[in-house]
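Novice: Sequence plus predicted model, see below.
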Amino acid sequence: MFFGGDPFEHFAHAGGMPGGGRRGPPRDVDTTKLYETLGVEKTADAKEIKKEYRKLAVKHHPDKGGDEQKFKEISAAYEVLSDEEKRAKYDKYGLEGLENEGGGGRSPDDIFSMFFGGGGGRRSGPRKGESINHPIKVSLEDLYNGKTVKLAINRQVIIGDATMCEACDGQGAVMELRQIALGMVQQVQRKCPSCTDGYKCKTKKERKVLEVHVEKGMKNGQKIQFRGMADEKPNMEPGDINFIVQEKEHDLFKRKGADLLITKTLSLNEALCGFEWSLKHLDNREIVIKSRPGEVIKPETVGGQPFVKIVSGEGMPSKGNPFVKGNLYVLFRVEFPTDGELDEATVATLKKTLPDPSMPVDYDEDEAEVCHLDAADVKNFGKGGAETHNDAYDSDDEDGQQNVECRQS
């Protein structure tokens, strides 16, 4: 929480010592200038502010002979007061409270200098406290459909007003002299034990229930931010509370970006003659996936990659635009019959039905040697043949030299 502070203090005390000397008590910030520029009360609603801005913008527009500087001031004032969050910060901290605002539009430095001139040498606005991150585990179903959950947090809030610490003159740190040797003294700075960042205040614990909205299409690692909901500290803007999405693994679907992937194993019959099966999607819809007439599913592609097809538009919704969805990828595996599973009649039928059957080879049974195949593992390729156990001798012989010791008696 911020307790005063004069936005003109730097200009009034130019050349002062930022780190040394005693600081005077903070003064109130100016939170009326922008309202005066638009000619509205601080209690004006968004509709009134917009109405006055349009009236003044037409009157002072440079193209209609108006004053350019005045027009810029009007536009800058409206830019802040038309934004609910920026207006709240301005009402609390003045223009300095907008210092940490990012994004598009005019920078806070530009707005400050527009109204008060210069701006480059002004002191910074209130510091922002540390943000707190909490993980929140979310199922893939909830990321697909969206979900709002209520979570309770405990935060520290300030009771009453804070007072500047006299022990450190509001610096938050004190200097100490330590003797490190005879005649040698070291000056050391340490945190003030009497206060928190230069101010003293009473605090209490507050229990707050937050409604955490998980948007459709959110991804693992994205954060849901609650600005200014962290612990309150004197002369500081409260930090944020961020809930970090942690996506749970799903039994059926794998996700990458806005696309989903499932793996489907087909029998040889299904791969050649057609298939259909149903699955329950993440929003509980039943989807029937069916092959087209004459469609053949292969064990793998020509390049050796897994054989994949897609169902367009059945992936995850896109965050911010849930009507645009990714695709559902289906990775196929083909299960072939095992040895001995096909009888002679079935084999004969398949040979007649399927294209390119194996043709008999003409050979002399007395001359040709017939071989059959055994099970194998490609990892053993290169390990066949007899193993050599005299490696030590082989390594000596590789250069064609031997170590021979000659003795002469």
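Specialist: Cool, the structure landed.
Novice: Can you give me the distance of the closest residue to residue 139 other than its chain neighbours to residue 255?
Specialist: Sequence neighbours aside, residue 248 is the residue nearest to residue 139 in space, at 5.0 Å (criterion: C-beta to C-beta, 6 or more residues apart in numbering). No exception for glycine: its C-beta is placed from N, CA and C like everyone else's. Here the distance between residue 248 and residue 255 works out to 11 Å (C-beta to C-beta, to the nearest Å).
Novice: next one: residue 215
Specialist: As defined by C-beta to C-beta, residue 215 lies at a distance of 15 Å from residue 255.
Novice: With neighbour numbers in mind, choose between these two.
Specialist: Using other C-beta atoms under 10 Å, the more surrounded residue of residue 215 and residue 255 is residue 255, with 20 against 16.
Novice: what's around residue 344, how many residues?
Specialist: Neighbour count for residue 344, taken as other C-beta under 10 Å: 7.
Novice: And residue 236, by the same measure?
Specialist: Neighbourhood size, residue 236 [other C-beta under 10 Å]: 20.
Novice: again, but for the one 10 residues further on
Specialist: Residue 246: 11 surrounding residues under other C-beta under 10 Å.
Novice: just the one 4 residues further on next, same as before
Specialist: Other residues within reach of residue 250 by the criterion other C-beta under 10 Å amount to 16.
Novice: what sits against it?
Specialist: Remark: with contacts taken as C-beta atoms under 8 Å, 6 or more residues apart in numbering, residue 250 is in contact with 139-140.
Novice: mind redoing it with 7 Å?
Specialist: residue 140 (C-beta atoms under 7 Å, 6 or more residues apart in numbering).
Novice: swap in the one 4 residues further on?
Specialist: Contacts here follow C-beta under 7 Å, 6+ apart; on that basis residue 254 touches 260-261.
Novice: Look up how far residue 265 lies from it.
Specialist: For residue 254 relative to residue 265 (C-beta to C-beta), the value is 15 Å.
Novice: Then residue 316?
Specialist: Using C-beta to C-beta, which is the criterion applied here, residue 316 is 24 Å from residue 265.
Novice: Pick out whichever of the two has more residues nearby.
Specialist: The neighbour comparison of residue 316 against residue 265 (other C-beta under 10 Å) goes to residue 316, with 25 against 11.
Novice: Settle this for me: that one is touching residue 256, isn't it.
Specialist: No: applying C-beta atoms under 7 Å, one finds residue 316 not in contact with residue 256, separated by 9.4 Å.
Novice: and stretch 231-248, average pLDDT?
Specialist: Averaged across stretch 231-248, the pLDDT comes to 90.
Novice: Start and end of it, how far apart?
Specialist: Counting by C-alpha to C-alpha, to the nearest Å, you get 30 Å between the two ends of stretch 231-248.
Novice: Give me the buried stretch members for that stretch, please.
Specialist: Using 16 or more other C-beta atoms under 10 Å as the test for burial, stretch 231-248 gives 231-243, 245, 247.
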